[in-house]
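Trainee: sequence unknown, structure follows:
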């Protein structure tokens, strides 16, 4: 069983029940629905197909609803392509017009108020570079073309030096969020996060929608401001996505690998899942095998300690979505044979006043005990899923089996490294429950005679409290 999870993006090539089922069989754990594309009608069909596949296969594939966020774009241009020549001036206006080499429209009304002279404007993933010369503060910005080329219609704009006044959640995002929450999805991806307050705002909206709403938040890190507030963002969010596409345009490209490793390390320390995204297997959009550099990229992400690796265009519009997942699974499984990725040397819990001190200490001790005894499995009972997140952050080599009476968290946990979930709603004594679970795992071939196993539980079970018990035993 692979430990690192795979996130696949759905799209025209991968929305059918047949393709979704094929991707899950090949190793997909989370289906990402990109709200930048497609109608709510299409999204509903995708959700129905995911859940039908789960029912058929007995899997718990999660659903990640990825909100578009404030996308800045150039409007339509003449003949869908005009040449911008280096050294020439250009006017960028908020008054809608058909763009030319001298004047283009931008969809961002506050643009002239927010930019300052000397700031850079990157268009089309940084292929074109303009520098602000002057702004009238109302509707026009004068810029010099620093690096030219062909500008096509509707290309994206990045402003790496500008403090953007747009809200993190647009009107479209709020409508998409309402729709996604009504479908009881597992994770919500928040684009262009700038500070922890963006996460707090989204969580408030989720809770206001329905106090029992269970959707957890993935903060997409793609802005320089997010890096400056990263500790607070990780504290407030439930997971992180290293969105290397926009991040690689917004910050100098050579900084991205170091930022990626820093984000993974910080997330492991805080027991928050981390997804590595963008261009992981891009050549497989058309090819039947990845480039060697792509194989290394996926492998290095696994070795860094990522909870999940993500496929975007490879599965949404690629020629063979299931084959890409299969190739990624092979890479992951091979790397996970290496002992260096296991048993992270996380610090033992020290704050005795923390409300989580007891359960954190149990998870830390279980991981250390598993390493010492070479236990085949750490088995935990949970209602909230907290112990699963905490255990996974220690990266034990033992399998992590999670039993819960809270059916909904089984899909949520599909994003978390190494976790395999089971629904279990019998309410019997601790000893009987441990014996029963041992029997279930043995019957399934997941543990065998003479294996050491470690059980974590909360006693008494009926109170569904925090983990306070650990038991080491041998499978007889």
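Mentor: Nice, I can see it. What you see is a predicted model, and the numbers here were worked out from it, not measured in a lab.
Trainee: How far away from the center of its chain is stretch 203-216?
Mentor: 19 Å (CA atoms, centre = their mean, to the nearest Å).
Trainee: quick one: buried residues of it?
Mentor: 203, 205-206, 213-216 (16 or more other CB atoms under 10 Å). Placement of C-beta: from N, CA and C, glycine included.
Trainee: what does stretch 165-185 give?
Mentor: 166, 168-170, 173, 176-177, 180-181, 183, 185.
Trainee: Residues contacting that stretch, please?
Mentor: By CB atoms under 8 Å, 6 or more residues apart in numbering, the surrounding residues in contact with stretch 165-185 are 33, 35, 40, 43-44, 47, 63-65, 67-70, 108, 110, 113-114, 188, 190-194, 198, 201-202, 205-206, 209-210, 213-215, 408.
Trainee: And for stretch 260-267?
Mentor: Here stretch 260-267 has contacts from 221, 230-231, 234, 239-240, 242, 244, 273-274, 276, 301, 304-307, using CB under 8 Å, 6+ apart.
Trainee: Looking at those, which are in strands?
Mentor: 221, 239-240, 242, 274, 276 (DSSP state E).
Trainee: can I get these in a markdown table with pLDDT and distance to residue 416?
Mentor: Shown next, in a markdown table, are the ones in strands among the contacts of stretch 260-267 (pLDDT from 0 to 100; distance: CB to CB, whole Å):
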| residue | pLDDT | distance to residue 416 |
| --- | --- | --- |
| 221 | 97 | 19 |
| 239 | 98 | 9 |
| 240 | 98 | 13 |
| 242 | 98 | 16 |
| 274 | 98 | 10 |
| 276 | 98 | 15 |
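Trainee: State the pair within those residues that is farthest apart.
Mentor: Spanning the widest gap among these are 239 and 276, at 12.0 Å by CB to CB.
Trainee: what about residue 446, which SS state?
Mentor: coil (DSSP: H, G, I helix; E, B strand; the rest coil).
Trainee: That one contacts residue 401, correct?
Mentor: Yes: Residue 446 is within contact range of residue 401, at 6.9 Å (criterion: CB atoms under 8 Å).
Trainee: Comparing the two, which shows the higher neighbour count?
Mentor: Remark: of residue 446 and residue 401, residue 401 carries more neighbours, 24 against 18, as counted by other CB atoms under 10 Å.
Trainee: Could I get the phi/psi values of the more buried one?
Mentor: With angles defined as degrees, to the nearest 10, residue 401 sits at phi -110, psi 120.
Trainee: State the helix or strand in which the residue nearest to it when sequence neighbours are not counted lies.
Mentor: Leaving aside its chain neighbours, residue 401 sits nearest to residue 379 (4.7 Å; criterion: CB to CB, 6 or more residues apart in numbering). In the assignment (DSSP states H and E), residue 379 maps to strand 377-381.
Trainee: And residue 133, by the same measure?
Mentor: strand 128-135.
Trainee: hmm, back to that, wait, which of the buried residues of stretch 165-185 is closest to residue 320?
Mentor: Using CB to CB, the shortest approach to residue 320 within the buried residues of stretch 165-185 belongs to residue 185, at 26.6 Å.
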